[in-house]
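Visitor: Quick check, what structure comes out for this input:
(2 chains)
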Amino acid sequence: MFSIIFNKKSASASNVIGLNERNIRLIYPNNPKKYYPLADDKVLTKEVLHKNDIPCAKTYAVIEYNSDIKSAWESCKKYKALAIKPANGCGGGGIKILKKDKEGNWMSSGEIISDREIFQHMASIIMGFFSLGSHDRVLIEECIEPHPFFQEIYPSGVPDFRIITLNSIPLMGMLRMPTEKSDGKANLHQNGVGIGVDMQEGRLLEVYDGKKYSNHHPDSTFLVNGAPIPYWKEILEIAVATAKAFPLNYLGIDIVIDKNKGPQIMEINVRPGLGIQLVNKTGLKEVIKHAI
Amino acid sequence: MNSKTNLTIALIIIIAIAITSIGFKINPILDHYDNFNPEKVYTIKYRFFFKSSDRETSLKTYLPRSNSRQRISEEKIKNDTALFFSKKEEKHKNIRAIWKTKNKDTYNSVDYEFTFAGKAKGFKVPQKFDLVSEKHVNHIIEYLNPTTNIQSGDEIIRTLATRLSQNVKNDREVIKNIFDYVYGIPSAPIITLTDAITTIEQNRASCNGKSRLFVALSRSLGYPARVKGGIIVENADKRTSHAWAEVFINENWVPFDALNNHFAYLPANYLELYHGDKSLITHTPGIQFDYTYEIKEVNHVSFLKMNSEELNNLPGFSLWTLVDKKVIPMGSLRLLLLLPIGGLLVAFLRNIVGLKTFGVFLPVLIAFSLLHTGYVSGIAIFVGLIMFIGLISYPFDKLGLLYTPKLVISLTIMVSVILIATHFGIKNDIDWLTKLTFFPIIILTIATERFSRSTLEDGYIKAIDKLFQTLIATSISYLILSLSWLPSILILFPEIVLIIIGSATFLGRYIGIRWVELVRFRPLLEPEK
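Guide: You can find the predicted model right below:
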């Protein structure tokens, strides 16, 4: 009876890591809690990345107080495109991508946005509107232009790679892409799709939409399975460099490929989800066994 | 690693101590296992005082006997030596105690004490009643005849009975109509004897008038019925006895109390004393006489035939002293002891099963509220409150308020809704609406807040799915926490707390796949074909 309750057999027979095992075996021993802010706060993450010369979007400004909004914004006006993010936001909330149109107006999601609206948005970030009520900082950074490789698969949104590393060894990877249904979000649980990655060959594998596997993105006919990933060697290199730069040993590292600058670190995650196992049809335990 | 080994050893020692300590008590407790399982236990003392007259003086009363729902034990009789005591079984199996004295003009006192253990009993009333069988006919016949005070043959009673039995489909409805009619008569504390007809005419009666009318109406329509006498036992000194009615249905005497609205049901605290239209106490007329029934509720463990003293003398450590000395009220003690069990249950549901719930301990606390409100209405109220408050606070969500002030708004709305609903419920006599205050308001508000945020962030389907999982966890908690013997077990074996710590440690180190992950990772767990 005990073996039924506690899933003794299936647990030992499979190589899948569940939430319990992830927390006890991977997160607790490898990621000391005091270093969590380095991953949770995007401003701190970027400080570490800049210090180690790891490529990531250039920081234009960090705003901590309402009184600094105006002067900081003045210094950013010279750029053609930028991203405004809450340092401690979660799930992509509060992120605004701004681009100048031909007349020099700032555009956000296809509509003109006034300076006043931009200030209001920054003020609400500082008030903690996107970070559960605690005071937060505004991060203004360079806007990433996705590499044309992604356009072939699916033209809109910003797809990113998620690489899981343990003790600076890349274990598993996937490419997350938005879909028609996911409203620009690339997260698996928000209707995005995950695409498996052959870590050795640097090729894409099957597309997983949360229910079934296929060789295509649900909204295009491009044959994904087997497609070589551009900059794969660099992606692995900056993933390893990032893993080494942080005192956190089990990480989910999010990487985007910029049209001009190549692979860039987007953010790092101390509690990476387990869906990546499904995307790659492989249990993490098996990969860890081989890696060590 | 060393500290882990030490911890493991410490835990093993703790659990070993707990098990040994339980082992010491388990034998005496198993020896006293009581399959009667009473809900309520009282000691009851009849106290009589009288002054004898110039002739031979006697005092008579009925004594209880054990049956399927009441157990009488530890009978003690104390009377003055001048009194001659006798006990005899009368007709209808009533037991009569008689005290007699030939001494003239003397003061006498009698104490009759016993322990009453009772449980509630409900009866099923079938749609159609069988005919009384041959073997019962002879002794049943008297329960159909009119008497001086139960005038079932009288025109007034017969007209009323005919009216009540019109347009009904079956026997059950006839009895229900009679019951509703008698219950509908306003009650009044009338001590003097009220017969069946007077009850109709006055349209006002206490238990004795109501029970006679009920019996008269039943007999008039051909249902064998009788008056039943006893005491409603409460933790107090009292002087009132009680009467209700019984109808002979399919070889069983089924109780009906049309004063206190018990239809085919006898509560645990009803002490049955005699059958028939009698007085509980009779004495030689014209004497000075006074009496009280001294009643004390006794703390007991429902499944044990042990008294307080025996429980206190159990080897090892138990919490019985807390109960016995009334250090903590029984209700609070129960709640305290069940909390860790409920917590462990939630840990199990989250880490082994993998249920996701709004708030970690919310299911347990809601389950506690359900113990007061009843399962179905409680769940309905819970879901209703969460949905309703979520809907009302929706415009405030849209305003984009900060978290804490928004929580204050939800909390205020929650309190207002509960107060208004309770007020409305009391005014209009809607029972379930009056029970809203049993819910833990703050925790409920936070759950509501999480629910409404979840509908915004993850969509309705995910939010309702999580609410559904919360309900499953709540139902399971309710199922466990409503086990009536569980608090008693925890009082007798407080060592279980140590075992809970041990189990929680084990759970805390558990790395297996959760049940819901078996479904989530099914493509990986099934061997590939």
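
Visitor: Please report the distance of A:Asn187 from chain B.
Guide: Distance of A:Asn187 to chain B, computed by CB to the nearest CB, to the nearest Å: 11 Å. C-beta coordinates here come from the backbone N, C-alpha and C atoms, glycine included.

Visitor: Can you tell me, leaving aside adjacent residues, what's nearest to that residue?
Guide: A:Arg176 (6.8 Å; CB to CB, 6 or more residues apart in numbering or on different chains).

Visitor: Please enumerate residues in contact with whichever strand or helix holds the one you found?
Guide: Assigned by DSSP states H and E, A:Arg176 belongs to strand A:169-177. Residues from elsewhere that reach strand A:169-177 (CB atoms under 8 Å, 6 or more residues apart in numbering or on different chains): A:150, A:153-154, A:157, A:159-165, A:186-188, A:192-197, A:199, A:204, A:217, A:229, A:236, A:239-240, A:243, A:276-277, A:279-280, A:282, A:284, A:287-288, A:291-292.

Visitor: could you pull out the helices for the stretch 151-292 of chain A?
Guide: Secondary structure of the stretch 151-292 of chain A by DSSP state H, counting those that start in this stretch: the helices cover A:232-245, A:275-280, A:284-291.

Visitor: cool, the stretch 1-150 of chain B as well?
Guide: Counting by DSSP H, counting those that start in this stretch, the helices of the stretch 1-150 of chain B are B:2-31, B:134-140.

Visitor: winner for burial among those?
Guide: Sort the helices of the stretch 1-150 of chain B by mean neighbour count, taking mean count of other CB atoms under 10 Å in any protein chain shown, and helix B:2-31 sits at the top with a mean of 13.

Visitor: Please name every helix or strand in contact with it.
Guide: helix B:496-508 (3 or more CB pairs under 8 Å, 6 or more residues apart in numbering or on different chains; DSSP states H and E).

Visitor: Report the buried residues of the helix or strand following the helix it packs on.
Guide: Where DSSP H and E defines the elements, the next helix or strand beyond helix B:496-508 is helix B:515-520. Within helix B:515-520, the residues that qualify as buried are B:515, B:517-518, B:520, counting by 16 or more other CB atoms under 10 Å in any protein chain shown.

Visitor: And those, which is closest to A:Trp106?
Guide: B:Arg520 (42.5 Å; CB to CB).

Visitor: neighbours around residue 145, how many?
Guide: Went with chain A since none was named. 14 (other CB atoms under 10 Å in any protein chain shown).

Visitor: not quite, I wanted chain B
Guide: Burial of B:Asn145 is recorded as 11 neighbouring residues (other CB under 10 Å).

Visitor: right, and it touches B:Ala216 too?
Guide: No. The pair B:Asn145 / B:Ala216 is not scored as a contact, 10.9 Å apart, by CB atoms under 8 Å.

Visitor: hang on, the earlier thing: quick one: mean pLDDT over the strand holding A:Arg176.
Guide: Throughout strand A:169-177, pLDDT has a mean value of 94.

Visitor: quick check: angle from that strand to helix A:284-291?
Guide: With axes from the mean of the first three to the mean of the last three CA atoms, to 10 degrees defining the directions, strand A:169-177 sits at 140 degrees from helix A:284-291.

Visitor: now strand A:169-177, how far from the chain's geometric center?
Guide: Distance of strand A:169-177 from the chain centroid (CA atoms, centre = their mean, to the nearest Å) equals 11 Å.

Visitor: can you pull the buried residues of it?
Guide: Buried, per 16+ other CB under 10 Å, within strand A:169-177: A:170-177.

Visitor: try stretch B:284-294
Guide: Going by neighbour count (16+ other CB under 10 Å), the buried part of stretch B:284-294 is B:284, B:287, B:289, B:291, B:293.

Visitor: Among the residues you listed, which one lies nearest to chain A?
Guide: B:Tyr293 (52.4 Å; CB to the nearest CB).

Visitor: Contact partners for that closest one?
Guide: Residues near B:Tyr293 by CB under 8 Å, 6+ apart: B:44-47, B:231, B:237-239.

Visitor: ok, now with 6 Å
Guide: Counting by CB atoms under 6 Å, 6 or more residues apart in numbering or on different chains, B:Tyr293 touches B:46, B:238.

Visitor: tell me, how many neighbours does A:Lys33 end up with?
Guide: 9.

Visitor: and the residue lying closest to B:Asn67 once chain neighbours are set aside, what pLDDT?
Guide: Counting by CB to CB, 6+ apart, B:Glu272 is the residue found nearest to B:Asn67 once chain neighbours are left out, at 6.9 Å. Listed pLDDT for B:Glu272 reads 93.

Visitor: before we move on, what about A:Gly184?
Guide: 66.

Visitor: Around chain A, which positions in chain B sit nearby?
Guide: B:351, B:402-403, B:510-514, B:517, B:521, B:524-525 (CB under 6 Å from any CB of the partner chain).

Visitor: So in terms of bridging, what pairs with the residue nearest the centre of chain A?
Guide: Nearest residue to the geometric centre of chain A (CA atoms, centre = their mean): A:Asp254, 3.5 Å. Per DSSP bridges, the residues bridged to A:Asp254 are A:Arg162, A:Glu267.

Visitor: okay but it is in contact with A:Asp160, surely?
Guide: Yes. A:Asp254 lies in contact with A:Asp160 (CB atoms under 6 Å); the separation is 4.9 Å.

Visitor: Find residues that contact each of these two.
Guide: A:Met266.

Visitor: what's the least confident stretch among the helices of the stretch 1-150 of chain B?
Guide: helix B:134-140 (a mean of 81).

Visitor: Moving C-terminal from that one, which element do we reach first?
Guide: Helix B:134-140 is succeeded, C-terminally, by helix B:155-164 (DSSP H and E).

Visitor: In the stretch 101-250 of chain B, where is pLDDT below threshold?
Guide: Residues of the stretch 101-250 of chain B meeting the criterion pLDDT under 70: none.

Visitor: Name the residue of it that lies nearest to chain A.
Guide: Of all residues in the stretch 101-250 of chain B, B:Lys119 sits closest to chain A, at 33.6 Å by CB to the nearest CB.

Visitor: burial count for that residue?
Guide: Neighbours of B:Lys119 under the rule other CB under 10 Å: 18.

Visitor: That one: what's it in contact with?
Guide: By CB under 6 Å, 6+ apart, B:Lys119 lies in contact with B:38-39, B:69, B:268.

Visitor: Out of those residues, which end up buried?
Guide: B:38, B:69, B:268.

Visitor: mind listing what the second one touches?
Guide: Shown in contact with B:Arg69 (CB under 6 Å, 6+ apart): B:119, B:121.

Visitor: separation between it and chain A?
Guide: Distance from B:Arg69 to chain A, by CB to the nearest CB: 37 Å.

Visitor: Quick check: that residue vs B:Val415, distance?
Guide: Distance, B:Arg69 to B:Val415, by CB to CB, to the nearest Å: 43 Å.

Visitor: And A:Asp115, its phi and psi?
Guide: Main-chain torsions, A:Asp115, degrees, to the nearest 10: phi -60, psi -40.

Visitor: Once you drop chain neighbours, what's closest to it?
Guide: A:Asp115 sits nearest to A:Trp73 (CB to CB, 6+ apart), 7.1 Å away.

Visitor: on that earlier part again, please identify the deepest-packed of the helices of the stretch 151-292 of chain A.
Guide: helix A:275-280 (a mean of 24).

Visitor: Run through the neighbouring helices and strands of that one.
Guide: Under the contact criterion of 3 or more CB pairs under 6 Å, 6 or more residues apart in numbering or on different chains; DSSP states H and E, helix A:275-280 touches strand A:169-177, strand A:193-198.

Visitor: Just the angle for the shortest one relative to strand A:169-177, thanks.
Guide: Strand A:193-198 and strand A:169-177 meet at an angle of 140 degrees, taking the same axes, to 10 degrees as the criterion.

Visitor: Output the contacting helices and strands for strand A:193-198.
Guide: If contacts are counted by 3+ CB pairs under 6 Å, 6+ apart, strand A:193-198 sits against strand A:169-177, strand A:203-208, helix A:275-280.
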